[in-house]
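Peer 1: My questions concern the predicted model and sequence given below.
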Amino acid sequence: MNPSQFRSLLASMRSLLGSEQELLDQVVHELSVYLNPVDEQPEPDASADRVALSPWQERRAKELMTSQMDKGLSIAQVANECSLSRSHFSRAFKKNTGLSPRDWYLQLRLDKAKGLLGDSALTISQISLDCGFADQSHFTRVFTREVGITPFNWRRSMAGAPACCAQ
């Protein structure tokens with residue numbers, strides 16, 4: 001079985017087994033080590049494939065970042081949940097998403113903040129805590145740097161915008 005057939009088989013098995021993916025990844029890894037002795041040269045793209053996260057790892061990382069947004073979460077904790085070192089996880093996550101884990105997580109928090117600013121009567125201070133920022137001052141600095149306008153002014157500008165355009 002050549003490596004591309006093997007990857008195709010793996011993709012088919014993953015779609016069938018759903019929640020058993022972690023176990024499947026382990027079995028497939030051990031099978032690939034057995035079938036591909038160390039002295040054989042991998043295909044040119046095989047090393048690039050190893051840098052990317054598997055579907056279960058990407059899903060787990062995003063679920064963890066989304067669910068722990070207000071509790072403070074380190075990238076090392078997310079990497080550990082994906083059974084990877086922090087540096088390997090960071091490279092693989094960026095390959096999958098186009099953003100570093102830190103930038104993806106920050107964007108997630110800012111998107112939630114924008115939603116709360118536009119759709120709720122919560123105070124900016126409460127929104128900052130709900131989105132995982134240390135305090136309102138920290139939130140305001142980060143929001144202003146990334147969005148280009150203060151949260152207060154962003155909220156005010158959204159109040160006058162039609163519902164279809166308030167992002």
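Peer 2: Sure thing, it's come through.

Peer 1: Which strands or helices does the host helix or strand of Asn153 pack on?
Peer 2: Asn153 belongs to helix 151-159 when assigned by DSSP states H and E. In this structure, helix 151-159 packs against helix 101-119, helix 124-130, helix 136-147, with contacts taken as 3 or more CB pairs under 8 Å, 6 or more residues apart in numbering; DSSP states H and E. Placement of C-beta: from N, CA and C, glycine included.

Peer 1: how about these in TSV, adding distance to Lys62 and mean pLDDT?
Peer 2: Shown next, in TSV, are those (distance: least, CB to CB, whole Å; pLDDT from 0 to 100):
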stretch	distance to Lys62	mean pLDDT
helix 101-119	8	95
helix 124-130	19	95
helix 136-147	20	97
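
Peer 1: Quick one: closest of these to Leu73.
Peer 2: helix 101-119 (7.5 Å; CB to CB).

Peer 1: buried set for the closest one?
Peer 2: 101, 104-106, 108-110, 112-114, 116-118 (16 or more other CB atoms under 10 Å).

Peer 1: Show the model's pLDDT score for Ala52.
Peer 2: pLDDT for Ala52: 89.

Peer 1: Perfect, that will be all.
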